[in-house]
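# For reference, the sequence and a predicted model appear below.
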Amino acid sequence: MSDAGPNRDDDEARLHDYAVALADAVDAALGPWVWRCVEFRCADAGLTLSDDARAATSAAVAACTSEIGGRVRSLLLCDIDEQAGTPLTVLRDAVGYPTAVLDGLGVPDVARDDFARRSFPGDRYDLTPASFAEIDESLHEPGLAWGAAKAFVHRRRRGG
């Protein structure tokens with residue numbers, strides 16, 4: 001009787017579970033992140049949110065959660081050999097939602113360094129997250145767990 005070690009199917013199942021956990025955490029974090037972005041930049045500009053601004057932010061939250069959350073979930077749930085990009089890259093596209101609200105409110109652009117202007121030219125409000133935790137601290141742990149599981153499965157598939 002030999003022990004072949006952990007089952008590859010078990011590793012794939014664990015990766016799937018980590019992917020679902022990260023996707024669920026992203027869904028929960030996106031809306032509050034959009035609100036924080038709008039509120040923070042408005043406060044910096046000395047603006048208070050009117051009822052119309054709150055309605056626009058709520059609409060941005062719904063669209064962002066549906067569109068960006070859906071894209072993140074689709075990426076995470078497809079086979080790792082088929083994944084084009086990373087969840088953080090997709091999440092960076094979420095910047096457009098609070099940006100549209102801030103533009104509509106006439107919030108002025110913020111000062112950004114050369115790297116930020118060059119790397120994220122459309123992010124005039126300096127909202128682009130550098131990590132999962134910049135969207136919400138609750139994304140840090142599931143992001144690490146998913147990334148480690150993905151690396152393990154990737155390496156295992158290639159005989160490592």
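Looks like it came in fine.

# tell me what the lengthiest helix in the chain is packed against?
Counting residues, the longest helix in the chain under DSSP state H turns out to be helix 8-44. The contact analysis (3 or more C-beta pairs under 8 Å, 6 or more residues apart in numbering; DSSP states H and E) places helix 8-44 against helix 51-77, helix 87-92, helix 96-104, helix 132-135, helix 140-157. For the C-beta atoms, the positions are set from N, CA and C on the backbone; glycine is no exception.

# Show the average pLDDT along the fourth one.
The average pLDDT for helix 132-135 rounds to 96.

# Just the buried positions in it, please.
Judged by neighbour count (16 or more other C-beta atoms under 10 Å), helix 132-135 contains these buried residues: 132, 135.

# before we move on, what about the third one?
Burial within helix 96-104, assessed by neighbour count using 16+ other C-beta under 10 Å, is assigned to 96-102.

# Need these in a markdown table (columns: distance to G46).
What follows is the buried residues of helix 96-104, written out as a markdown table (distance: C-beta to C-beta, whole Å):
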| residue | distance to G46 |
| --- | --- |
| G96 | 24 |
| Y97 | 22 |
| P98 | 18 |
| T99 | 19 |
| A100 | 20 |
| V101 | 16 |
| L102 | 13 |
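
# sorry, back to before: so which of the helices and strands packed on helix 8-44 gets nearest W33?
helix 132-135 (4.8 Å; C-beta to C-beta).

# Summarise which helices and strands that closest one is packed against.
helix 8-44, helix 87-92, helix 140-157.
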